[in-house]
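>>> output the structure for:
(one chain, ligands or ions: 1)
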Amino acid sequence: MTANADTVDRHQANQAGAREAGARAGFADALEPWRASEGLPTPHLAVLLDRLRLNLEQVASIAHAHAVRLRPHVKTHKCIEIARMQLECGAVGITASKPQEALVFIEAGLPSVTVAYPIVAPQAAQTLLQAAERRKCDLRFVVDSVEGAGTIALGVGQGRRAPIFLEIDVGLERCGVKPGSASLEKVVRAVRDSPKLEFRGILSHAGHAYGASGRREIAAIADDERRQLRSVVDALAAQAVDVEEVSVGSTPTVLGAESFAGVTEIRPGNYVFLDATACRLGVAKLDQVSLGIITSVVSVNERYCIIDAGSKVLSSDTGPHGTGGGGFGLCFALGPAASSWGEGRRVARLSEEHGFVEHGGEPLPIGARALVLPNHSCPAVNLADRLVVLEEGRDPQFWVVAARGRTT
Ligand SMILES: Cc1ncc(COP(=O)(O)O)c(C=O)c1O
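Coordinates of the predicted model:
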């Protein structure tokens, strides 16, 4: 199943409307929706529901247009409400990272979960398999070693087989086996020889696209990823091994790829919120970012406005996978001073509870509110208990970050 045509039409109409409104209103007005949580203490993580919906529809329409299944990564939001919205928007299931994160979504009744992290503890695999059995969840695993395959097999019950994806390293040099390597053949053999495992396909994450200089390089990385995966499919076909699924996924490559030929599934995560990094890479615009940190100016000196969000709120991440364009986020004045900081000021330094925003000779008054678009939405969300969800004409809603801190 792919995202449906209704979703695509709605998305195209919404996108066109939003862009037109944005162009008419100017950037200061695009900041207006962030003021809807004015009565709440700072700092807090706010989500603009309309923009979140547009982001979901944007990727659903990409999946539909290219006839690929959508299985978003929930490590970005860790929130059951958003996972359900993704399913309503055409996703076939979700991707999770750590076993305990996956467990939250299995227990919440999500129908299909891929654990895209190599599990090496038998107890973790067993816990997930038992929960999936009880909750009737289609649970899939990723492996990149013979040991990992053996670990999953240990937890599989009598008469059952766990669907397995082999992770391929397409350039991030994190997990995965290299195309054409001896270890690739060994792991595939171990999976196929096990009566408890079913070889389902291959999976990759081109996270090195975060280090690209812009859209052109991102498209080339996405192309190279597909070429590498194609070579694995062909090599396995030559040994009569059928590769049913080819799963790729990172937000830059999903938003920036020119083709998805040969791909059956995409797994973007960050696309729901986006962030200053996605804007820096040219795959998003500032008025598409749906998650921001609402802060207050607590002190001013010659160089900086000091805001009440430091590394314990924003995280110290300069960008995914150690990338970064300098600083710790982009800061915008909210309210009467909104236009004075134009396209944003850099959060140049962080203490634990303080952010140093370069004011360039235009300091905001003490107590003024400011919005920070973080470099990386995902770790910022993991530091929050809840998201303050804002929608025009409605009181803020509070959504629990249900899988917060689930790092085991
Ligand atoms: C295995 C895997 N798949 C998918 C994703 C989603 O990537 P992004 O957040 O860029 O969309 C990640 C992110 O770290 C990942 O590690």
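>>> which element is the closest residue in space to Ser145 that isn't next to it in sequence on?
Among residues not flanking Ser145 along the chain, Val187 sits closest, at 6.2 Å (CB to CB, 6 or more residues apart in numbering). All C-beta spots, glycine's among them, are computed from the backbone N, C-alpha and C. Val187 is part of helix 182-193, with elements assigned from DSSP states H and E.
>>> what lies in contact with the next helix or strand after that helix?
Sequence order places strand 197-203 as the next helix or strand after helix 182-193, per DSSP H and E. Contacts of strand 197-203 with the rest of the structure, by CB atoms under 8 Å, 6 or more residues apart in numbering, involve 114, 116, 140, 142, 149, 152-153, 156, 161-168, 188, 191-192, 229, 232-233, 241, 243-248, 264, 267.
>>> for PyMOL, what selects the buried ones among these?
Applying 16 or more other CB atoms under 10 Å to the contacts of strand 197-203, the buried members can be selected in PyMOL as follows:
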select buried, resi 114+116+140+142+149+152+153+156+162+163+164+165+166+167+168+188+191+229+232+233+241+243+245+246+247+248+267
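>>> list the buried ones in stretch 181-192?
For stretch 181-192, using 16+ other CB under 10 Å, the buried residues are Leu184, Val187, Val188, Ala190, Val191.
>>> now Val156: how far from Lys196?
Val156 sits 4 Å away from Lys196, going by CB to CB, to the nearest Å.
>>> shared neighbours of those two, which are they?
Ala162.
>>> so the residue in the chain sticking out farthest from the centre, which of the three states?
When each C-alpha in the chain is compared with the mean C-alpha position (CA atoms, centre = their mean), Glu302 comes out farthest, at 37.2 Å. Classification of Glu302 by DSSP: H, G, I helix; E, B strand; the rest coil places it in coil.
>>> what about the nearest residue to Ala368 once chain neighbours are set aside, neighbour count?
Distances taken as CB to CB, 6+ apart place Val297 nearest to Ala368, at 4.8 Å, with adjacent residues excluded. Neighbour count of Val297, defined by other CB atoms under 10 Å: 25.
>>> pretty sure Val297 sits against Val372.
No - Val297 lies out of contact with Val372 (CB atoms under 8 Å); the separation is 11.7 Å.
>>> okay, and the common contacts of those two?
Ile307.
>>> what about Leu139, distance to Phe273?
Taking CB to CB, one finds Leu139 at 26 Å from Phe273.
>>> which of these two has more neighbours?
Phe273 (31 against 21).
>>> please enumerate the helices of the stretch 51-200 of the chain.
Ranges of helices in the stretch 51-200 of the chain, per DSSP state H, counting those that start in this stretch, are 80-88, 99-107, 122-135, 146-155, 182-193.
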